[in-house]
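*Asks:* using only what follows, build the 3D model:
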Amino acid sequence: MRIRAFQGLRPQPDLAAQVASLPYDVVNTEEARALAEGNPLSFLHVVRAEIDLPAGTDLYSAPVYDKARKNLDQLVACGALVRESTPCMYIYEQEMDGHVQRGLASVCHIEDYENNLIKKHEKTRPAKENDRTTLNKTLSAHPGPVFLTYQDDSAVDQLVAEATADDPFISFTAPDGVRHTVWRVEGAGEFAEAFARIPATYVADGHHRSASAARVGAERRAANPNHTGEEDYNWFLAVSFPATQLKVLPYNRLVSDLTEHSPESFLAAIREVAEVTEDANPTPQRAGDVSMYFQGKWYGLAFPDDPGADPISRLDVSKLQDKILDPILAIGDPRTSERIEFIGGIRGTIELETRVDQGHGPVAFSMFPVTVQQLMEIANADAIMPPKSTWFEPKLRSGLFVHTF
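*Replies:* This is a model prediction of the structure:
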């Protein structure tokens, strides 16, 4: 793995709590607008710039990207974001409900992404990838980091322990209760040497961000007759965490309609492919079980086990797709279908009940989380999980580090 320090933008320490925001893809426009209300320094003004434009503005229109550029420039002009005086890496610690994880913020090379040293486990949605590509090009920056993981490495662990022995550079608790702590590491050549011995990293969260960064880098490379491979556009922002520190939550599903099915025929079709129990726990307690909220009641679904199935087919999200979403609900490609919505496990099963009860869809599915080891095994096989199989928590804040090119 190639990583290096970068001389990017970061907030003044006393303003970090105001600047740092949730990533663009975990909040919708209304939620982003509410979170940023009264806070002109929130990085949501950059990653969700439509909140500063009239309601109903096309999210993918030129005014949104132009506004994002102006808002980023304004954060620099007012001094909320400053340019580092020297290339740095950062140790980024997050603490949520007693769970602590420490990652290394650096930049990674797009060729490692292209050559599959940075391994993927999901395909991207074209609209979202195109959106982040246009934003990166407009900003000439990577406004949010990619969340990477790697097999634990004792040499890296030792370097992290040494770097965090001193007082942190930034420390604050966000409104959601997650504590964020940052240590600066100037130069950080020892980290680059240690990562050179790590054979691969894995995209845990941020497939659209990494894909768009690689696309923009390739475009800039093709347009530069004097390209060397060291230009800033060849590198993208990431935070890399050891695998054993990660916390994975499920990614749940909400379906907008039952196609031609009546409630009775839908339940009957479900009973043909799964063992169904009523009054089930809304949260599945083991792999192989799915909970379904339908007509005000939770049902437990247990699919028959197939010991000969490949690792992808054994995933609960695959069983749900292959047994129910495709054959019964006619959702053949969940990446492109407008009839399915993915809801992060951090929102809990109450969110599923609320959405169904309010008429946003007749049925929702609560999943058991995929493990990091399953993710790595599938990525190592150059295979692809169904979309939105994993939800990692806590989320990396945007705006704490900005890589420009």
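*Asks:* who does Leu81 bridge with?
*Replies:* Residues in a beta bridge with Leu81, per DSSP bridges, are Pro11.
*Asks:* for the most far-flung residue of the chain relative to its centre, give me its contacts.
*Replies:* Farthest-out residue of the chain from its mean C-alpha position, per C-alpha atoms, centre = their mean: Glu264, at 37.1 Å. If a contact means C-beta atoms under 8 Å, 6 or more residues apart in numbering, then Glu264 has no contacts. Every C-beta, even on glycine, is put in place using the N, C-alpha and C of the backbone.
*Asks:* how close does it sit to Ala155?
*Replies:* The spacing between Glu264 and Ala155, counted by C-beta to C-beta, to the nearest Å, is 61 Å.
*Asks:* do Leu315 as well
*Replies:* On the measure of C-beta to C-beta, Leu315 and Ala155 end up 33 Å apart.
*Asks:* repeat that for Pro126.
*Replies:* Distance of Pro126 to Ala155, given as C-beta to C-beta: 40 Å.
*Asks:* Glu93 now?
*Replies:* For Glu93, the distance to Ala155 - C-beta to C-beta - is 19 Å.
*Asks:* neighbour count for the two, which is higher?
*Replies:* The residue with more neighbours, out of Glu93 and Ala155, is Glu93; 18 against 14, by other C-beta atoms under 10 Å.
*Asks:* count of neighbours near Ala269?
*Replies:* For Ala269, using other C-beta under 10 Å, the count is 17.
*Asks:* what sits against it?
*Replies:* Shown in contact with Ala269 (C-beta under 8 Å, 6+ apart): His261, Ile328.
*Asks:* give me the element it is part of.
*Replies:* Per DSSP states H and E: Ala269 is located in helix 263-273.
*Asks:* would you map the strands across the stretch 1-150 of the chain?
*Replies:* Using DSSP state E, counting those that start in this stretch, the strands of the stretch 1-150 of the chain run over 3-4, 9-11, 81-83, 88-96, 99-109, 118-119, 141-142, 146-150.
*Asks:* let's have the ones you listed in CSV, adding distance to Ser61 and mean pLDDT.
*Replies:* As requested, those are exported to CSV (distance: least, C-beta to C-beta, whole Å; pLDDT from 0 to 100):
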stretch, distance to Ser61, mean pLDDT
strand 3-4, 35, 98
strand 9-11, 26, 98
strand 81-83, 25, 98
strand 88-96, 33, 98
strand 99-109, 30, 98
strand 118-119, 31, 98
strand 141-142, 20, 98
strand 146-150, 25, 98
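*Asks:* out of those strands, nearest to Gly206?
*Replies:* Closest of the strands of the stretch 1-150 of the chain to Gly206 is strand 146-150, at 3.7 Å (criterion: C-beta to C-beta).
*Asks:* the closest one pairs with which strands, and in what direction?
*Replies:* Partners of strand 146-150 in the sheet, by DSSP bridges, are strand 201-205 (antiparallel), strand 235-242 (parallel).
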